[in-house]
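Student: next comes the sequence, and after it the predicted model I'd like to discuss.
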Amino acid sequence: KQNHRCHRKVLVVDEQTAFTGGVGIAEEWCGDARNEHEWRDTHVQVTGPAVDGLAAAFAQNWAECHDELFDDRDRFVTEKHHGDSVVQVVRGSASFGWQDMQTLIRVVLESAEERIRLTTAYFAPDAYFTGLLCAAAARGVEVEILLPGPHTDKRVCQLA
């Protein structure tokens with residue numbers, strides 16, 4: 001399949017803890033991204049039932065390579081809930097389709113009651129997406145957007 005690269009970054013440890021996001025290991029990642037030669041990324045730790053969603057994403061990618069998993073252990077063990085947050089892992093792909101993902105994003109933004117936290121390296125929203133964020137803020141939802149700042153490598157994101 002041409003250009004069906006996977007950019008997911010997932011680490012699952014003992015089926016109980018997962019990490020996802022970006023982790024840079026080159027020298028550029030050692031700074032605080034306050035100048036154009038330093039980069040930053042967002043990396044999060046996940047515990048509880050949401051680990052299953054990240055483990056499933058890994059298993060899906062592995063299966064698409066037509067390889068078997070290393071052993072036959074149950075990778076989807078029952079986990080206790082931690083805290084009071086609700087987490088839903090969404091696995092997008094080229095085959096999933098942008099329309100489906102757009103619908104999901106719309107539903108999530110329109111359903112938010114307290115807070116929306118968004119982080120992305122490449123933020124170039126269209127008028128519709130901007131309207132959804134503004135509507136959420138207008139109904140009292142706290143909207144936080146973490147962006148890379150003026151040193152992003154994509155001009156369209158600098159202009160956005």
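Tutor: Arrived safely.

Student: now the residue sitting nearest the centre point of the chain: phi and psi?
Tutor: In the chain, the residue lying closest to the centroid (CA atoms, centre = their mean) is residue 21, at 6.3 Å. Per-residue torsions, residue 21: phi 120, psi -150 (degrees, to the nearest 10).

Student: contact partners for it?
Tutor: 9, 41-44 (CB atoms under 8 Å, 6 or more residues apart in numbering). For every residue, glycine as well, the C-beta is placed using N, CA and C.

Student: and those as CSV, adding neighbour count and pLDDT?
Tutor: Output for the contacts of residue 21, formatted as CSV (neighbours: other CB atoms under 10 Å; pLDDT from 0 to 100):
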residue, neighbour count, pLDDT
9, 12, 83
41, 14, 78
42, 13, 82
43, 12, 85
44, 9, 88
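
Student: can you put the residues you listed in CSV and add secondary structure and distance to residue 87?
Tutor: Shown next, in CSV, are these (DSSP: H, G, I helix; E, B strand; the rest coil; distance: CB to CB, whole Å):
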residue, secondary structure, distance to residue 87
9, coil, 17
41, coil, 20
42, coil, 15
43, strand, 16
44, strand, 10
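
Student: one step back: how far away is the residue nearest to the centre of the chain from residue 7?
Tutor: Taking CB to CB, to the nearest Å as the measure, residue 21 falls 11 Å from residue 7.
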